[in-house]
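> All I have is the shape, not the residue letters:
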């Protein structure tokens, strides 16, 4: 069975600082990997996704993520955080079988200090 | 742009009531999903539907049922609401073909409080 772990429940960074959110997955084959963001009171918005090819993936809002198969990781990064980035971030892994179900991590809540 | 809408943003119900949560998508997606979101647990799949009148149980279907009579609409039903069903409910849809077939698009969520 596939699973996703986001080790950090809360992270606080200063505005302008760099950010890295960790995501580790467990899956037997090549996974499909996603990062979603949820702003307060909102649904989930897709930030970026990895299916195959280049292991460094660019997303919206200046985010990027790197797939590292050897570490079973798909960490999300941003070089300079803005106050509007304060939100909850979810990593998800999808299977490439007929069901293509997503399994989500528990989420990381990001707070941004002025 | 894909649009997924949910009938209510906030809902307050009493224990034992029958509750309907409605979800509509406007992009002709075949697949639709219902999740519940609880702090620290992320999103957990309740039910999904591959197509009209088709449904499959997810990871936590107990206490819930669903209905998909039309392609654009997927309803989640709590037959007899209980306090442990207080949660945020998220609907999603997905195209079942093409280069984006793995990507799910989410609605804004319904925050349900059962008293």
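Good, I have the coordinates. Quick caveat: nothing in here was measured; it's all calculated off a predicted structure. Residues are numbered from 1 along each chain as shown, chains lettered A, B, ... in the order given.

> Every contact and neighbour count from this point should use C-alpha atoms.
Noted.

> Chain A: helices as residue ranges?
For chain A, no helices are identified by DSSP state H.

> Close to chain B: what parts of it are there?
Where chain A comes near chain B, counting by CA under 8 Å from any CA of the partner chain, the residues are A:9, A:32, A:41-46, A:90, A:94, A:100, A:103-107.

> Residue B:17 contacts residue B:80, correct?
Yes - the pair residue B:17 / residue B:80 is scored as a contact, 5.2 Å apart, by CA atoms under 8 Å.

> the strands in chain A, which residues?
Residue ranges of the strands in chain A, as given by DSSP state E, are A:3-5, A:10-14, A:19-21, A:24-26, A:32-38, A:44-50, A:56-58, A:64-68, A:73-78, A:87-94, A:102-104, A:108-113.

> before we move on, the earlier item: of the residues of chain A next to chain B, which one scores lowest on pLDDT?
pLDDT across those is at its lowest for residue A:100, which sits at 66.

> ok now do the residue lying closest to residue B:85 once chain neighbours are set aside, which residues does it touch?
Using CA to CA, 6 or more residues apart in numbering or on different chains and skipping residues adjacent in sequence, the residue nearest residue B:85 is residue B:114, 6.9 Å away. With contacts defined as CA atoms under 8 Å, 6 or more residues apart in numbering or on different chains, the neighbours of residue B:114 are B:12, B:13, B:14, B:15, B:81, B:82, B:83, B:84, B:85, B:86.

> Next, name the residue at the spatial heart of the chain.
Defaulting to chain A. Here the mean C-alpha position of chain A is nearest to the C-alpha of residue A:35 (CA atoms, centre = their mean), at a distance of 3.5 Å.

> I was thinking of chain B, sorry if that wasn't clear
Centre of chain B computed as the mean C-alpha position; nearest residue by CA atoms, centre = their mean is residue B:34, 2.6 Å away.

> Would you confirm that residue B:38 contacts residue B:85?
No - the pair formed by residue B:38 and residue B:85 falls short of the contact definition of CA under 8 Å, at 10.1 Å.

> Settle it for me: which of those two has more neighbours?
residue B:85 (18 against 14; other CA atoms under 10 Å in any protein chain shown).

> So what's the predicted local confidence for residue A:34?
Looking at residue A:34, its pLDDT is 93.

> show me what contacts it?
Counting by CA under 8 Å, 6+ apart, residue A:34 makes contact with A:46, A:47, A:48, A:49, A:50, A:91, A:92, A:93, A:94.

> Check residue A:85 too.
If you count contacts by CA under 8 Å, 6+ apart, residue A:85 has them with A:110, A:112.

> okay, it: pLDDT?
The pLDDT attached to residue A:85 in the predicted structure is 96.

> quick one: it from residue A:77, how far?
Relative to residue A:77, residue A:85 is positioned 12 Å away (CA to CA, to the nearest Å).

> now do residue A:113
The span separating residue A:113 from residue A:77 equals 17 Å under the rule CA to CA.

> which of the two has more neighbours?
The residue with more neighbours, out of residue A:113 and residue A:77, is residue A:77; 18 against 14, by other CA under 10 Å.
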